[in-house]
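Undergrad: Let's see this in three dimensions:
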Amino acid sequence: MYPGFFVRFLLPVFVFGAALPGFGQSTNPKERVEPSFVPVEDIAGLPRVLLLGDSISIGYTLPVREALKGKANVHRPPTNCSSTGNALNHLESWLGKGKWDVVHFNFGLHDAKLPPEGVRHAPPAVYEKNLRELVKRLHATGATLIWATTTPVPNGGIISPTRRFGSIDEYNAIARKVMEESGVAIDDLNAVITPHLATRLPNDVHYSSEGSAILAKAVVASVEAALAGRGAGTAAWKARNPSGELVRMAVPAPADPRYAHLSWNKVVRTPGGTIILACVAGTFHGNHGGGCPAVARSSDGGATFSDLRILREFGPGLDYTCCGNLALGIAEDGAIVLLAMAYTGDEANQIFGWRSEDEGLTWTPTDTGKLGPNRTGSVFGNVFPLKGEGLVVFGHYRVGSAPHAEGIWMAASKDHGRTWSEARRIAGVPAVEPVVIASQGKLIGFFRSTKKAVFDEPSAEGRQFVGVSIDQGQTWETTLSGLDAENPATARLAAPCAVENPGHPGELLVLTTERARGTGRNSRIWLWRGQADHLEWKRERVLLEFPPGGPDNPNTDLGYPWLLHEGGNRWSVYFYHGQSKGASAIWVTEVAL
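TA: This is a model prediction of the structure:
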């Protein structure tokens, strides 16, 4: 640690608030300038990182700054940020006018501190209230937020008769609850440093340079992960939104290769405003890829998402080797309902389900016994209420299912997704991955055709069937539509996304993904418009364009866009993009439709 560190901790007014040029404070040459307080001159083009915290953070600021040299501009206020109450009073000046990419922050030691009179600086209830306000204000910056847990205090919190602390475990538990509910990433510095408490100064809360280096290493790792999540280092291969809107990672690929490939995403907003993102996390998506159904939640409008939660494990050696497609929606009682298919090649398949009644914090398995095993195959798209039926979901049959191995099925739940009926075949066409929506008294389904030649067409690979029901799904008429790749010889369609435009009832918005064939060609996600009354489709424009694959760009696995309405004509488009076997993230961008 730096000389006089203990004194600076005790006298924050005179030293931590000490004046630095450029910050409007005293420039008395007799005052020692803390090296971590020296202003940083930004290097153009690098992301900006802000560290907020007390004297523990001051200890790791310089090694963090050094480790991220050339990767990020690392700043901190020229002061001990002290408690949550102090932070609320000074946050605007600390944030300044610049844009921040990542904010790594901690407050806790000063909040838990007990003055001689025995009154906490911030009792637990006040601490929680202050944290929630801080998170709200920090989220407004648009930065990726990382919370650092508060490091331990020795001797049960009693350092001296006049230097005492409340339970750090209690304060960390409060903070963890707030951060998990707010979708803020957690850098558990308490857990990181606990095996290395020998590096703590005697009868003190501070650490030697060795201890600060250990903390710094963890901080650097969390910041680098956050920067990767914002797309840092991906500019050469990430998708481009022609409107100029930012394309960013919503959920980065997990560091664990076991779950690093994210795909088949679905997104929904709850009545309470929480955004739920469901996807498959594995080593790759496909047979034996070990994909597992996973969920993340955002309580700040999609600015940040919680870490992924794996709902069930699949993989080689388990009951099924991979999870494939998903269906997601909201039941009439407000619960979130998720269904996922699992399979082992063409040998076995089953549908699994879950419900969440608390904005995605906890999930309860549901009864899908009538959907398998080996009775359906795959589930896909929306889960939504339908008059007279309850909740409905759709999927496609797979080889290995009986009595059908091909076609589109529909199932219903009369109890908000807790139990599901047997599936009923609604279309015998060679198609998969149905997306069904309700509009103008009709059910309209979009079914991606397989490689078979159908309806006198020499090839309909990827081309969309459109199925229509005017009697609440009892009978269907299905035809091959004009929704196709711009040039079927050089691209094929992946699964579609379809919604009704809430501003124009009866107008349908359809997204199709064209995966390029061959080298040197760009994959694209297109917008189409149509009307529910006559189902004619107009190709409108490219919403996203992906760089060609090649030796320098293995990130060619992409698609499955899903629309989330943000109000007016603004929509968020969520999609996956990355390597076919390896890391793949869930991305998001905004579009005007």
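Undergrad: Just the endpoints, please. Distance across stretch 512-530?
TA: Start-to-end span of stretch 512-530 (C-alpha to C-alpha, to the nearest Å) is 13 Å.
Undergrad: Next, the buried residues of it.
TA: 512-516, 521-530 (16 or more other C-beta atoms under 10 Å). Backbone N, C-alpha and C define where each C-beta goes, glycine included.
Undergrad: Going by residue numbers, what spans are helices in the stretch 301-450 of the chain?
TA: Under the criterion DSSP state H, counting those that start in this stretch, the stretch 301-450 of the chain contains no helices.
Undergrad: Pull the distance from stretch 158-168 to the chain's centre.
TA: From the chain centre to the centre of stretch 158-168 is a distance of 39 Å (C-alpha atoms, centre = their mean, to the nearest Å).
Undergrad: Using CSV, write out every CA atom in it.
TA: Written as CSV, here are the backbone C-alpha positions of stretch 158-168 (Å, rounded to 0.1, in the frame of the first residue of the first chain):
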residue,chain,number,x,y,z
ILE,A,158,-14.3,-4.4,16.0
ILE,A,159,-10.9,-2.8,15.1
SER,A,160,-10.9,-0.4,18.1
PRO,A,161,-13.4,1.0,20.6
THR,A,162,-14.0,3.9,18.2
ARG,A,163,-13.6,2.0,14.9
ARG,A,164,-16.4,-0.5,14.6
PHE,A,165,-18.4,-2.0,11.8
GLY,A,166,-21.7,-3.7,11.4
SER,A,167,-22.1,-7.1,9.7
ILE,A,168,-20.4,-7.0,6.3
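Undergrad: neighbouring contacts of that stretch?
TA: 108-109, 112-116, 120, 150-153, 157, 190, 203-205 (C-beta atoms under 8 Å, 6 or more residues apart in numbering).
Undergrad: same thing but 6 Å
TA: For stretch 158-168, contacts defined as C-beta atoms under 6 Å, 6 or more residues apart in numbering pick out 112-114, 116, 120, 150, 152-153, 157, 203.
Undergrad: So among these, which ones count as buried?
TA: Using 16+ other C-beta under 10 Å, the buried members of the contacts of stretch 158-168 are 112-114, 120, 150, 152-153, 157.
Undergrad: isn't G445 right next to P434, touching?
TA: Yes: under the criterion of C-beta atoms under 6 Å, G445 makes contact with P434 at 5.2 Å.
Undergrad: neighbour-wise, which of these two wins?
TA: P434 (30 against 26; other C-beta atoms under 10 Å).
Undergrad: can you tell me which residues contact the more buried one?
TA: Contact analysis of P434 by C-beta under 6 Å, 6+ apart lists 380-381, 394, 408, 445, 447.
Undergrad: Please report how far it lies from C81.
TA: 53 Å (C-beta to C-beta, to the nearest Å).
Undergrad: tally of neighbours for K69?
TA: 12.
Undergrad: Centre-most residue in this protein?
TA: The centre of the chain sits closest to V251, judged by C-alpha atoms, centre = their mean, with a distance of 3.3 Å.
Undergrad: Any figure for the gap between the closest residue to T419 other than its chain neighbours and A216?
TA: Among residues not flanking T419 along the chain, D367 sits closest, at 4.2 Å (C-beta to C-beta, 6 or more residues apart in numbering). Distance from D367 to A216, counting by C-beta to C-beta: 50 Å.
Undergrad: Which of those two has more residues huddled nearby?
TA: Taking neighbours as other C-beta under 10 Å, D367 and A216 compare with A216 leading, 23 against 13.
Undergrad: How confident was the prediction at the more buried one?
TA: A216 is assigned 96 on the pLDDT scale.
Undergrad: Flag every buried residue along stretch 390-399.
TA: By 16+ other C-beta under 10 Å, the buried positions in stretch 390-399 come out as 390-398.
Undergrad: cool, and stretch 425-434?
TA: Here stretch 425-434 shows 426-427, 429-434 as buried, counting by 16+ other C-beta under 10 Å.
Undergrad: about what we covered before: pick out the most distant pair among the buried residues of stretch 512-530.
TA: Pairwise distances across the buried residues of stretch 512-530 peak at 26.5 Å for R521 and G530 (criterion: C-beta to C-beta).
Undergrad: my read: A218 touches I193, true?
TA: No: between A218 and I193 there is no contact under C-beta under 6 Å: 8.3 Å.
Undergrad: Give me the helices and strands touching the longest helix seen in the chain, please.
TA: As assigned by DSSP state H, the longest helix anywhere in the chain is helix 209-229. Helix 209-229 is packed against helix 55-67, strand 102-105, strand 144-148, helix 189-193, with contacts defined by 3 or more C-beta pairs under 6 Å, 6 or more residues apart in numbering; DSSP states H and E.
Undergrad: For the longest one, what is the distance to the chain centroid?
TA: Translated: helix 55-67. Taking C-alpha atoms, centre = their mean, one finds the center of helix 55-67 at 28 Å from the center of the full chain.
Undergrad: Can you check what angle separates that helix from helix 209-229?
TA: Helix 55-67 runs at 60 degrees relative to helix 209-229, counting by axes from the mean of the first three to the mean of the last three C-alpha atoms, to 10 degrees.
Undergrad: Any chance you could list what contacts stretch 127-140?
TA: Here stretch 127-140 makes contact (C-beta under 6 Å, 6+ apart) with 84, 87, 91, 103, 111, 145, 174, 178, 182, 300, 303.
Undergrad: Give me the subset of these that lies in strands.
TA: Counting by DSSP state E, the contacts of stretch 127-140 place 103, 145 in strands.
Undergrad: So of the contacts of stretch 127-140, which two are at opposite extremes in space?
TA: Distance extremes for the contacts of stretch 127-140: the farthest pair is D111 and A303 at 25.2 Å, using C-beta to C-beta.
Undergrad: The two - which one has more neighbours?
TA: The neighbour count for D111 versus A303, taken as other C-beta under 10 Å, is higher for D111 (28 against 18).
Undergrad: ok now do that one, which residues does it touch?
TA: Applying C-beta under 6 Å, 6+ apart to D111 gives the contacts 83-84, 121-122, 127.
Undergrad: Find the residue closest to it in space, skipping its chain neighbours.
TA: Nearest residue to D111 in three dimensions, chain neighbours excluded: A122, at 3.9 Å (C-beta to C-beta, 6+ apart).
Undergrad: can you list the domains in the protein?
TA: The chain is divided into the following domains under automatic domain parsing: 5-229, 247-592.
Undergrad: and these, which one is worst for confidence?
TA: Among the domains of the chain, domain 5-229 carries the lowest mean pLDDT, a mean of 85.
Undergrad: Mind checking which of the contacts of stretch 158-168 are in helices?
TA: A112.
Undergrad: List the buried residues in stretch 358-371.
TA: Going by neighbour count (16+ other C-beta under 10 Å), the buried part of stretch 358-371 is 359-360, 363, 366, 368, 371.
Undergrad: wait, stretch 300-313
TA: 300, 302-306, 308, 311-312.
Undergrad: wait, which of those is closest to I275?
TA: Nearest to I275 among the buried residues of stretch 300-313: G302, at 5.2 Å, using C-beta to C-beta.
Undergrad: Do I have it right that the closest one meets L277?
TA: No: taking contacts as C-beta under 6 Å, G302 lies outside contact range of L277: 8.6 Å.
Undergrad: just to revisit the earlier point, okay if I get the buried residues of stretch 425-434 as CSV plus distance to R240?
TA: Shown next, in CSV, are the buried residues of stretch 425-434 (distance: C-beta to C-beta, whole Å):
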residue, distance to R240
I426, 38
A427, 36
V429, 35
P430, 34
A431, 31
V432, 29
E433, 26
P434, 30
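Undergrad: Which of those residues sits closest to A592?
TA: For the buried residues of stretch 425-434, the nearest to A592 is E433 (26.7 Å; C-beta to C-beta).
Undergrad: Tell me how many other residues crowd R448.
TA: Neighbour count for R448, taken as other C-beta under 10 Å: 25.
Undergrad: need the contact list for it.
TA: Residues near R448 by C-beta under 6 Å, 6+ apart: 431-433, 495.
Undergrad: and those residues as CSV, adding distance to E347?
TA: Listed next are the contacts of R448 as CSV, based on distance: C-beta to C-beta, whole Å:
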residue, distance to E347
A431, 22
V432, 18
E433, 21
A495, 24
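Undergrad: What about those residues, which are in strands?
TA: Using DSSP E, the members of these that fall within strands are 431-433.
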